[in-house]
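Asker: Any chance you can model this:
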Amino acid sequence: MQTNRRILVIQPELYATTIGVFENERLLYEQTIHHSEEELNKFTRIMDQVSHRKHTLLHQLDLDGINISKFSAVCGRGGLLQPITGGTYAINEKMLYDLKTAAFGEHVSNLGAVIADSIAKGLNIPAYIVDPPVVDEMQPIARISGIPEIERKSIFHALNHRQAGRLASKRLGKTYNELNLIVIHIARGITIGAHRNGKIIDVTNGLEGEGPFTIDRCGGIPIGRILQYGIEKSDQIEDWEQKLIKQAGLKAYLHTEDPKVIELNLLKEDPWTIEVMQALAYQIAKEIGSMSTVLNGEIDGIVFTGNVEEDDFVMKEVITRINWIADIMVFPGNNELEAMNEGVLQVIRGEVPVKTYP
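Answerer: Residues are numbered from 1 along each chain as shown. Okay, the predicted model is just below:
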């Protein structure tokens, strides 16, 4: 008889914390707790939000009648750590130190493991992360950037990519490790990766400017032009990180990041909105074409996941450009909760070994 395992999964986002409770593979409960900008602006650093988010999360579970004493394990979304291979990791003190000190960068995802660990310790149960965004399985040749002192880094939506690959493998009737796939995750950031036999051997770095522009990130831009622009605007721009990854992309071109406003302008056939959205689709398609060469054209499928629908404007434009490469599969939604739960179940059941950070 299969033992019932009840697992709490925690997905922190910029202004929300999404939680799910699973019993084995079955989702029993899901809730998104929204945090206002005013509420979070009280905290100087992202890590200062831990106690507040934990208290709010536990209060919500209590309000909804979820008995936390029945949990077998807790899983938090992985954050910015030193590069590691994919898999399920037990949260340990070294991991917590690196996240709390932002040793490899500050990001809201860093909260996931810290909150999970705090809850798990109170219940005397294990805590894990699964496929954090720093999963690094890149082949050596992909690391070379053109400047010896600067190596390309693997930072992307690893959890979403891997889950999309598993969903595609089920549809194709093969195991994920048997397939060559190009996976595209579209959210606030966009990352595009080449998956070969279960390893993600090359991927655009969604945090540091590779790939297409996004809602508010610039994507890959001409280095010479940005250097010149920096010289010309050095006295006008105080925070270049804000300029390049929070005030660029669609937000800069269309002066909005509201999808409803953009969709309305597309329906009105506003020429500028159409051109900018076509440019976004063009850049996504171009990166997919690039990843097809990484896999030598031997591709079992092109897989889209995240904030996507097959019939939306950008998807139609992308598909028109790339449908000659391979069959296309679209799995809307992030599937992050399910992916974390699956990773923990595999460890609890002894199907895969738990990994140790670093």
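Asker: from here on, contacts and neighbour counts on C-alpha atoms
Answerer: Fine.
Asker: Any buried residues in the lowest-mean-pLDDT helix or strand in the chain, and which?
Answerer: Taking mean pLDDT, DSSP states H and E as the measure, helix 240-245 is the helix or strand of the chain with the lowest mean score, a mean of 82. Along helix 240-245, these residues count as buried under the neighbour rule (16 or more other CA atoms under 10 Å): Lys243, Leu244, Ile245.
Asker: Format the CA atom coordinates belonging to the helix or strand that comes right after it as CSV.
Answerer: Heading C-terminal from helix 240-245, the first helix or strand you meet, by DSSP states H and E, is helix 249-254. Only the C-alpha atoms of helix 249-254 are listed here, as CSV (Å, rounded to 0.1, in the frame of the first residue of the first chain):
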residue,chain,number,x,y,z
GLY,A,249,11.3,45.9,-22.9
LEU,A,250,7.6,46.3,-23.5
LYS,A,251,7.3,48.7,-20.6
ALA,A,252,9.7,51.1,-22.2
TYR,A,253,8.4,50.8,-25.8
LEU,A,254,4.6,50.8,-25.0
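Asker: Tell me how far helix 249-254 lies from the chain's centre.
Answerer: 21 Å (CA atoms, centre = their mean, to the nearest Å).
Asker: now, among the buried residues of helix 240-245, which is nearest to Asp98?
Answerer: Nearest to Asp98 among those, counting by CA to CA, is Ile245 at 22.9 Å.
Asker: Verify the contact between the closest one and Cys218 for me.
Answerer: Yes: Ile245 lies in contact with Cys218 (CA atoms under 8 Å); the separation is 6.1 Å.
Asker: coming back round to it: can you show me the CA trace of the least confident helix or strand of the chain as CSV?
Answerer: C-alpha atoms of helix 240-245 as CSV (Å, rounded to 0.1, in the frame of the first residue of the first chain):
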residue,chain,number,x,y,z
TRP,A,240,21.6,51.0,-14.5
GLU,A,241,20.2,47.7,-13.2
GLN,A,242,16.8,49.4,-12.9
LYS,A,243,17.2,50.8,-16.5
LEU,A,244,18.2,47.5,-18.1
ILE,A,245,16.1,44.9,-16.3
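Asker: contacting residues around that helix?
Answerer: Residues outside helix 240-245 that contact it (CA atoms under 8 Å, 6 or more residues apart in numbering) are Leu207, Gly209, Asp216, Arg217, Cys218, Ile237.
Asker: in the stretch 201-350 of the chain, which spans are helices?
Answerer: Secondary structure of the stretch 201-350 of the chain (DSSP state H, counting those that start in this stretch): helices located at 223-232, 240-245, 249-254, 259-267, 271-294, 313-322, 336-348.
Asker: Any buried residues in the third one, and which?
Answerer: Okay, so that is helix 249-254. Gly249, Leu250, Lys251, Ala252, Tyr253, Leu254.
Asker: got it, and the last one?
Answerer: Residues of helix 336-348 classed as buried under the neighbour-count rule (16+ other CA under 10 Å) are Glu336, Leu337, Glu338, Ala339, Met340, Asn341, Glu342, Gly343, Val344, Leu345, Val347, Ile348.
Asker: Mind listing residues that contact it?
Answerer: So helix 336-348 is contacted by 5, 7, 9-11, 19-20, 22, 24-25, 73, 75-77, 87-88, 128-130, 159-160, 163, 352-354 (CA under 8 Å, 6+ apart).
Asker: I figured Ala120 hits Ser72, correct?
Answerer: No: Ala120 is beyond contact range of Ser72, at 9.1 Å (criterion: CA under 8 Å).
Asker: Overlap in contacts, these two.
Answerer: Listed contacts common to Ala120 and Ser72 are Pro126; contacts here mean CA under 8 Å, 6+ apart.
Asker: Filter the contacts of helix 336-348 down to just the ones in strands.
Answerer: Judged by DSSP state E, the contacts of helix 336-348 include 7, 9-11, 19-20, 22, 73, 75-76, 88, 128-130 as members of strands.
Asker: who wins for neighbours among those?
Answerer: Using other CA atoms under 10 Å as the neighbour criterion, Cys75 leads the ones in strands among the contacts of helix 336-348 with 33 neighbours.
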